[in-house]
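Asks: sequence first, predicted coordinates after that:
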Amino acid sequence: MIHDRYQLAFKLYPYARSADQDADAPVRHPVVVLGGGPVGIATALDLGLQGIPVVVLDDHEGIGQGSRAICFAKRSLEIAHRYGCGQAMLDKGIIWNLGKVFHDDRKVFEFNLLPEEGHRFPAFINLQQPYFERFLVERVRQAQAEGAPIEIRGRNRVDQVEVSDGGALLTVATPEGPYTIEADWLIGADGASSPLRGMMGLDFDGRVFEDSFLIADIRMVNDDFPTERWFWFEPHFKSGASTLLHRQPDGIWRVDFQIGWDVDRKTELQEENVRARLDAMLGDVEYEIVWTSIYTFQCRRMKKFRHNRVIFAGDAAHQVSPFGARGANSGMQDVDNLGWKLGAVIRGEAPETLLDSYDTERVHGADENILNSTRSTDFITPKSKVSHTFRNAVLDLAETNAFARPLVNSGRLSVPCTYDGSTLNTPDALEGGPARTRPGSPCPDAPVSDGFLLDGLGHGFKLLAVNTEVPQGALPVVSVSTESDPEGALAQRYLGDATTAVYLIRPDQHVAARWSSYDAQAVSEALSRAMGKV
Ligand SMILES: O=C(O)CCc1cccc(O)c1
């Protein structure tokens, strides 16, 4: 029997009997993904679009209710765009770049997350997680129709895993009884409480935060709040020790109230108690409560994300607080990193050890997210009288003194990390090159003659030639000229003080190497290193 753990927002992959259930012996698949959330489906899309057969197993038949993650960062949209569904997300989402911070009844300061032009995507969109997931699944359906070997099996719950050097044997429960399948590679994208992690006896290291937040998603018409992120420390309306406000599509607003550790959840979630907080905040405004929930959080990660042929991604591997929106967004960066590496290993183009770099690079990313998340949580919820006094002094100072503003931390919002020190990087050889595009960096977008740079980079290794000639050879070349960008964004992001540049770009659009001119031997060595062959 398979019980629902939650209600569905969209039923997208109803149970259907698979031929594997009637096979005499367990059928073997190159990749099995556990979990049909954003990370699992994006992994399937990434691999399926490379032509690698993937089976996704999920114990539900679609996407769970509740808006949950609502802030999707520029990098997630760029990744989704490469998969073919970023524009649909952008069209539905609420675009925002600006954040405002308040203390009591005063505005302390505001910040712009994307203070420069020349990017296809904004710093953030707000979009309910069910929509984000639905766009991914709809793209899977389209890709399947075009021949991508992706299968999503709803109401398939993995109850047992036997891991071996060559992969894993899975026992899968279905409404028609259990069956077994084998996987060369098993991806654990089964969420924060990952049953796979439990079955393998693996655990987390990290910190539990003793505080609770009440989420209320409400439908209201209120143009007094613009499309910005508003964060109040100790708000004058006293609905919580802090309060966060975001606008979502469909006239919905997300309010997070910090309500303390020692709370009775049932009482707090009673409608009259939720309304009391909202009324104090909103005054004489009509609204309808759409969804409420209480969350606590932890900042933690698994020691290792790769366990031979089993690889963990997203919340199954690492968790942070919601502040900074680093949860779902870092999961998308995991997929971006894993997809091309696993594809190259399965095709026999790279050694299996390339996947160790997934571990080191994404552990590095998780540590950066955990550090940021921990710092913002400590600032939002000071743990002693002294730190509370210090925190409020910083807020007071920041109101009139710009130097204090970087110390205010209501959540540092998600940006992709730079893989400094990665063994896949070749030492920087572009004299005068900008720091933001040093080896290991995610490529910033830029305007080019026919649109945006990242569209041209697409998937697969590329050579990016800026103001110079590179012969077509083993790698596709993307040639751009700063003449086509009178505003100078391309030059600023990719040349700095140099006049010409050649970049080796990885399939996840991170810089692997850069030089001032083309040198076939140097490119060939850098490519080998980026494929984990050196
Ligand atoms: O603005 C932020 O820092 C994140 C907002 C957010 C993200 C996910 C859930 C949630 O309740 C708030």
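Replies: Sure thing, it's come through.

Asks: any idea of the pLDDT on A148?
Replies: The per-residue pLDDT reported for A148 equals 98.

Asks: burial count for it?
Replies: 21 (other Cβ atoms under 10 Å). (Glycine included, C-beta is placed from N, CA and C.)

Asks: am I right that it is in a helix?
Replies: No. Under the criterion used here (DSSP: H, G, I helix; E, B strand; the rest coil), A148 is coil, not part of a helix.

Asks: could you tell me which residues of this structure lie near the ligand?
Replies: Contacts of the chain with the ligand, taken as Cβ under 6 Å from any ligand atom, map to 69-71, 215, 229, 244, 246, 254, 256, 322-325, 411.

Asks: hey, what's the closest residue in space to F204 that isn't next to it in sequence bridged with?
Replies: Excluding its sequence neighbours, the residue lying closest to F204 (Cβ to Cβ, 6 or more residues apart in numbering) is R300, at 4.2 Å. Listed beta-bridge partners, R300: G206, Q319 (assigned using DSSP bridges).

Asks: can I assume R300 is in contact with R207?
Replies: Yes. With contact defined as Cβ atoms under 8 Å, R300 reaches R207; the gap is 6.6 Å.

Asks: can you give me the pLDDT of the residue minimising distance to the centre of the chain?
Replies: Nearest residue to the geometric centre of the chain (Cα atoms, centre = their mean): N329, 1.7 Å. N329 carries a pLDDT value of 97.

Asks: ok, the residue lying closest to it once chain neighbours are set aside - contacts?
Replies: Nearest non-adjacent residue to N329, counting by Cβ to Cβ, 6+ apart: S414, 4.0 Å away. Residues counted as contacts of S414 (Cβ atoms under 8 Å, 6 or more residues apart in numbering) are C71, A73, R75, S76, G324, A325, R326, N329, S330, N369.

Asks: pretty sure the fifth one sits against S373.
Replies: In other words, G324. Yes. Shown here, G324 and S373 form a contact pair, counting by Cβ under 8 Å, at 5.8 Å.

Asks: give me the more crowded residue out of these two.
Replies: S373 (28 against 24).

Asks: so what's the residue count around the spatially closest residue to H236 that is not a sequence neighbour?
Replies: Among residues not flanking H236 along the chain, D105 sits closest, at 3.9 Å (Cβ to Cβ, 6+ apart). By the measure other Cβ under 10 Å, the count of residues near D105 is 10.

Asks: the one 3 residues further on too?
Replies: Taking other Cβ under 10 Å as the criterion, the count of residues near V108 is 23.

Asks: just say helix, strand or coil for it.
Replies: Put simply, V108 is strand when judged by three-state DSSP.

Asks: what sits against it?
Replies: V101, F102, F233, L395, A398, E399, R405, V408.

Asks: then L475?
Replies: L475 sits next to F461, K462, L463, L504, V523, L527 when contact means Cβ under 8 Å, 6+ apart.

Asks: with those in mind, which one is nearest to the ligand?
Replies: The nearest member of these to the ligand, counting by Cβ to the nearest ligand atom, is K462 at 33.1 Å.

Asks: surely that closest one touches V502?
Replies: No. Using Cβ under 8 Å, K462 is not in contact with V502, being 10.8 Å away.

Asks: between these two, who's got more neighbours?
Replies: V502 (24 against 20).

Asks: so what's the backbone phi/psi at that one?
Replies: Note on V502: backbone dihedrals following degrees, to the nearest 10 are phi -130, psi 130.

Asks: what of the one 10 residues further on?
Replies: Its backbone dihedrals place A512 at phi -100, psi -30, with angles given as degrees, to the nearest 10.

Asks: so it touches V502, yeah?
Replies: No. Between A512 and V502 there is no contact under Cβ under 8 Å: 11.6 Å.

Asks: what about G166, how many neighbours?
Replies: Neighbourhood size, G166 [other Cβ under 10 Å]: 12.

Asks: show me what contacts it?
Replies: G166 touches D184, R309, counting by Cβ under 8 Å, 6+ apart.

Asks: where's it relative to the ligand, distance?
Replies: 39 Å (Cβ to the nearest ligand atom, to the nearest Å).

Asks: with D223 instead?
Replies: Per Cβ to the nearest ligand atom, D223 is found 20 Å from the ligand.

Asks: and the residue in the stretch 401-534 of the chain that the ligand sits nearest to, what element?
Replies: In the stretch 401-534 of the chain, no residue comes nearer to the ligand than G411, which is 3.6 Å away by Cβ to the nearest ligand atom. Here G411 sits in a region with no helix or strand, counting by DSSP states H and E.

Asks: ramachandran coordinates for it?
Replies: Backbone torsions for G411, taken as degrees, to the nearest 10, come to phi 120, psi 120.

Asks: residues near it, how many?
Replies: 24.

Asks: before we move on, what about G201?
Replies: 6.

Asks: before we move on, the earlier item: narrow the contacts of V108 to those in helices?
Replies: Using DSSP state H, the subset of the contacts of V108 located in helices is L395, A398, E399.

Asks: identify the residue nearest the last one in space, chain neighbours excluded?
Replies: Right, the one you point to is E399. V108 (5.0 Å).
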